[in-house]
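K.L.:
for reference, the sequence and a predicted model appear below.
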Amino acid sequence: MFSNLCCAGNSPDKIVENDTGDDEYDEETFDDDRSFDDGTFETYDDDRASKSETFDDRNESSNNELFITCINRKRIINSVSYSFDGTLIAIGGKDRKVAIHNTSNGKRVGLIECRKNVQSVCFSKTAKNELLAIGGNDKKVTIYETKKWKVKNAFRRDEIVWIVTFSKDAKKLAVGGDDKIAAVYDVGNGRLLNKFDIGGFIVTLSFSPNGFHLSIGTINTKMVRVYDMRNNEIVHEVFHKGYVATASFSNRSQLAVACRNDTNELKICEANSFNIIHRIEWKSAIRTFAWSGDGIYLAVGDYANKATIVDAATGSKIRTFERRDLVRAIAFHPDGQSIAIGGKDQKVVLVDISGSDISGLSKRDKGDDENIAALKGEIASVKNFVKDDIAAVSANIAAVNANIAAVNTDLKEVLRLLNQGKRFN
């Protein structure tokens, strides 16, 4: 149904009027002269995982038959990310830890201790040498190699980091936050490749699939900018009446942008032209969203404690999952058969979306298969017609060439006779 995943960024709730302020900065001060000790990765056997971290969530929602498992954390969840093969999920939040859990049973297999709140976690989407990037209130970004969970690279920032994201090939990492600068690093050597001073608190970053473009969203300037990283020029801007919540490219190069407050809506823009093809109104403010890997669907989390699956082609809402509190993080499993939902209820639930209960998805998939088959038939037919036309044109060209050759022969004979007549005269 789906494949891979595209995640959008995390944004601070404290900017929102009348919000609970649950993202207020820690009072603890950070001394830049302190040693730069990176969080160590502590491994766990499945049998050692705490029972309090995993439990059956089937009785907490009317959608209970769709729940796979629930992972209970002790503090608010800010960010979730699936590994490339979907066997692991990274969870970051206000407990100042990044927990790595097995997605099949929900048990914790590893833990990374951080100094302050974790705002963003992101697995690279590469089968070999998979990486995990972490950013947060400690004003630094750390990249781990997941085979041995060793630190590959680390970067200091001047302010809180709200978002980290890899390019599709995992060669670049984009970082943004309260310093109002979007920085793009070379993952291999740590060199700064691009620097965009956008003049606002950066809450969302996304690479285009080809890696040429970077979308940058700021919460206080109410706009999303798309830059061409080859020349650092602005290629497009999307303005809003409300604050930008998040923005992200799909694997089809479509750009989706969600805003909140004055206008609660989700905009979906065409690839390349960035023309808006859908404006989807939302009853409450949107907090986060994620694209499915095929770019057909969006999973949207909002302040009404709901996670909703949206058809990007039609703009229609297909299925909604109720939660107990604000949805702050959401992601598609790489196989597209489930989604992870995390939030203020301090839990991450893995929800099965592959069953017949989601009739809209099932029908859409079947219809897609039929349309693809029909399109392939039309393409084959067109190819046959083109082959026949090419053969006919080739035959005509051969005939024309033969006529030209005959005319050339006649011309040569005429010239010969003319020259012969001149000699007689």
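P.N.:
Yep, that arrived.

K.L.:
from residue 124, how far off is residue 286?
P.N.:
Plainly put, residue 286 is 26 Å away from residue 124 if you go by CB to CB, to the nearest Å. All C-beta spots, glycine's among them, are computed from the backbone N, C-alpha and C.

K.L.:
equivalent analysis for residue 288, please.
P.N.:
20 Å.

K.L.:
try residue 159
P.N.:
Going from residue 159 to residue 124 by CB to CB gives 24 Å.

K.L.:
same question, residue 409
P.N.:
69 Å.

K.L.:
for the protein, what spans make up the helices?
P.N.:
Assigned by DSSP state H, the chain shows helices spanning 359-424.

K.L.:
beta partners for residue 166?
P.N.:
residue 173 (DSSP bridges).

K.L.:
show me the contacts for it.
P.N.:
Residues near residue 166 by CB atoms under 8 Å, 6 or more residues apart in numbering: 122-125, 131, 133, 172-174, 187, 207.

K.L.:
ditto for residue 284
P.N.:
Counted by CB under 8 Å, 6+ apart, residue 284 has contacts 264, 302-304, 306.

K.L.:
before we move on, back to that, residue 159 and residue 124: who's more crowded?
P.N.:
residue 124 (24 against 15; other CB atoms under 10 Å).

K.L.:
wait, doesn't the more buried one sit right on residue 170?
P.N.:
Yes: using CB atoms under 8 Å, residue 124 is in contact with residue 170, at 3.7 Å.

K.L.:
okay, now the unreliable bits of the protein?
P.N.:
For the chain, applying pLDDT under 70 flags the ranges 1-67, 261-262, 355-386, 388, 422-425.

K.L.:
circling back to that earlier point, mutual contacts of residue 124 and residue 170, please.
P.N.:
Shared between the contact lists of residue 124 and residue 170 (criterion: CB under 8 Å, 6+ apart) are residues 130-131.

K.L.:
can you put the contacts of residue 166 in CSV and add distance to residue 72?
P.N.:
Output for these, formatted as CSV (distance: CB to CB, whole Å):
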residue, distance to residue 72
122, 23
123, 21
124, 27
125, 27
131, 27
133, 25
172, 35
173, 30
174, 31
187, 33
207, 33
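
K.L.:
now, those that are in strands?
P.N.:
Taking DSSP state E as the definition of strands, the contacts of residue 166 contribute 122-123, 131, 133, 172-174, 207.

K.L.:
so how do I select the buried members of these in ChimeraX?
P.N.:
Buried subset of those, written as a ChimeraX selection, criterion 16 or more other CB atoms under 10 Å:
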select :122,123,131,133,172,173,174,207
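
K.L.:
first-to-last residue distance for stretch 156-164?
P.N.:
End-to-end distance of stretch 156-164 (CA to CA, to the nearest Å): 13 Å.

K.L.:
quick one: buried residues of it?
P.N.:
In stretch 156-164, counting by 16+ other CB under 10 Å, buried: 157, 160-164.

K.L.:
among those residues, which are in strands?
P.N.:
In strands, judged by DSSP E, the following of the buried residues of stretch 156-164 are found: 161-164.

K.L.:
out of the residues you listed, flag the one nearest to residue 84.
P.N.:
residue 164 (16.5 Å; CB to CB).

K.L.:
enumerate every residue touching the closest one.
P.N.:
Counting by CB under 8 Å, 6+ apart, residue 164 makes contact with 120-122, 133-135, 141, 173-175, 205.

K.L.:
distance of it from residue 174?
P.N.:
Residue 164 is 7 Å from residue 174, by CB to CB.

K.L.:
swap in residue 242?
P.N.:
24 Å.

K.L.:
one more: residue 137?
P.N.:
Relative to residue 174, and taking CB to CB, residue 137 is found at 19 Å.

K.L.:
chain center to stretch 303-314: distance?
P.N.:
Centre-to-centre, stretch 303-314 and its host chain are 16 Å apart (CA atoms, centre = their mean, to the nearest Å).

K.L.:
equivalent analysis for stretch 78-92, please.
P.N.:
13 Å.

K.L.:
start to end distance for it?
P.N.:
By CA to CA, one end of stretch 78-92 lies 6 Å from the other end.

K.L.:
equivalent analysis for stretch 185-201, please.
P.N.:
For stretch 185-201, the end-to-end distance is 19 Å (CA to CA).

K.L.:
who touches that stretch?
P.N.:
With CB under 8 Å, 6+ apart, stretch 185-201 has contacts from 12, 15, 131, 143, 152-153, 155, 162, 166, 170-175, 177-178, 180-184, 214, 216, 218-221, 223, 225, 227, 229, 232.

K.L.:
quick one: buried residues of stretch 217-232?
P.N.:
217-219, 221-227, 229.

K.L.:
for the residues you listed, work out which two are farthest apart.
P.N.:
222 and 229 (23.3 Å).

K.L.:
please flag which of the contacts of residue 284 sit within strands.
P.N.:
Using DSSP E, these in strands are 302, 306.

K.L.:
can you put the contacts of residue 284 in a markdown table and add distance to residue 78 and neighbour count?
P.N.:
Formatted as a markdown table, the contacts of residue 284 follow (distance: CB to CB, whole Å; neighbours: other CB atoms under 10 Å):
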| residue | distance to residue 78 | neighbour count |
| --- | --- | --- |
| 264 | 21 | 20 |
| 302 | 16 | 26 |
| 303 | 15 | 22 |
| 304 | 19 | 18 |
| 306 | 18 | 19 |
